[in-house]
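Undergrad: Need the 3D shape of this:
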Amino acid sequence: MTSTPTVPTQDELKAQVGLAALAHVPADAVIGVGTGSTVNHFIDALARQRVALRGAVSSSVASTERMRAHGIPVLDANDVDSVAVYIDGADEIDAQGFMIKGGGAALTREKIVASLSDCFICIADESKLVQTLGAFPLPVEVVPMATRRIARRFAERGGQARVRLRDGQPLVTDNGQHILDVTGLRITDPLAFELEVSQWPGVVTVGVFARQKARIGLLGTAAGVRTLRFG
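TA: Take a look at the predicted model:
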């Protein structure tokens, strides 16, 4: 009797790429660490394998707490000039390495830490690879008083913006701001889109990562980790 191949769960795919990312961590380096469920697997793998680091710059309170619980030293971004690599997940990534990020509401700090590194390594499961960005609701961190104005600007582009809620109230980010999630977009020119929206008064950070694109993508698949390299 032929046995049916076991299909890995999404969590297993995340663990797979979290472990694979260790091969891209230089010894005795300072690295940048992102936020989210896939990154949690990477942090846990760092601890299990006892990778020697000088420290990590974290993009969120949650990641900081998880690393400190494992005994991984966390450094302030202001105390480093650069990080060797930045490892983080994505909500969407295209064939050029452009991404949508911010599902975990940490996009501003993620973009800051990503800017400290020339090598962004995106770890995700294969479902995150898309032809055109925009199917995933685009997160935009905003100053609360500008929420309605920014929502109108997106409506002019055909998008529908809604304030992200938690327990019935607007979610407050680690930076004390709110998140708009925008649907109905098709982002065919991520670089131009990021530049335009970033200039709107009241926008703290738009969740398109085009200037801080991925250089390497590690995608979990049923056949193993697929490695993509972006120009």
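
Undergrad: and the residue nearest to residue 75 when sequence neighbours are not counted, what are its bridge partners?
TA: Nearest residue to residue 75 in three dimensions, chain neighbours excluded: residue 55, at 4.1 Å (C-beta to C-beta, 6 or more residues apart in numbering). Backbone N, C-alpha and C define where each C-beta goes, glycine included. Taking DSSP bridges as the rule, residue 55 bridges to residue 30.

Undergrad: Isn't residue 55 up against residue 71?
TA: No. Using C-beta atoms under 8 Å, residue 55 is not in contact with residue 71; the gap is 11.6 Å.

Undergrad: Surely residue 24 is in contact with residue 216?
TA: Yes. Contact criterion C-beta under 8 Å: residue 24 and residue 216 qualify, at 6.8 Å.

Undergrad: Which neighbours do these two have in common?
TA: 119, 121 (C-beta atoms under 8 Å, 6 or more residues apart in numbering).

Undergrad: Look through the chain and tell me its longest helix.
TA: Taking DSSP state H as the criterion, the chain has its longest helix at helix 37-49.

Undergrad: Return that one as CSV; C-alpha atoms alone will do.
TA: Below are the C-alpha coordinates for helix 37-49, written out as CSV (Å, rounded to 0.1, in the frame of the first residue of the first chain):
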residue,chain,number,x,y,z
SER,A,37,5.3,34.1,14.1
THR,A,38,7.9,33.1,11.5
VAL,A,39,10.6,35.2,13.2
ASN,A,40,9.6,33.6,16.5
HIS,A,41,10.8,30.3,15.0
PHE,A,42,14.0,31.9,14.0
ILE,A,43,14.6,33.3,17.5
ASP,A,44,13.9,29.9,19.0
ALA,A,45,16.3,28.3,16.5
LEU,A,46,19.0,30.8,17.4
ALA,A,47,18.7,29.9,21.0
ARG,A,48,18.6,26.1,20.4
GLN,A,49,21.7,26.1,18.2
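
Undergrad: How many neighbouring residues does residue 29 have?
TA: Number of residues near residue 29 (other C-beta atoms under 10 Å) recorded here: 15.

Undergrad: The residue nearest to it when sequence neighbours are not counted - how many residues pack around it?
TA: Leaving out its chain neighbours, the residue that sits closest to residue 29 by C-beta to C-beta, 6+ apart is residue 84, at 3.9 Å. Using other C-beta under 10 Å, residue 84 has 19 other residues around it.

Undergrad: I figured residue 84 was touching residue 30, is that so?
TA: Yes. In this structure, residue 84 is within contact of residue 30 by C-beta under 8 Å, at 6.3 Å.

Undergrad: Have a look at residue 55 and residue 71 and say which one is more surrounded.
TA: Between residue 55 and residue 71, counted using other C-beta under 10 Å, residue 55 has the larger neighbour count: 17 against 8.

Undergrad: Quick check: the gap between the residue nearest to residue 127 when sequence neighbours are not counted and residue 49.
TA: Distance criterion C-beta to C-beta, 6+ apart; nearest residue to residue 127, sequence neighbours excluded, is residue 10 at 7.7 Å. Separation of residue 10 from residue 49 (C-beta to C-beta, to the nearest Å) stands at 23 Å.

Undergrad: Show me what the helix or strand hosting residue 205 pairs with in its sheet, parallel or antiparallel.
TA: Using DSSP states H and E, residue 205 sits within strand 203-206. Note on strand 203-206: by DSSP bridges, its sheet partners are strand 138-142 (antiparallel).

Undergrad: avg pLDDT for the helix or strand following the strand it pairs with?
TA: Counting by DSSP H and E, the next helix or strand C-terminal to strand 138-142 is helix 147-156. The average of the pLDDT scores along helix 147-156 is 98.
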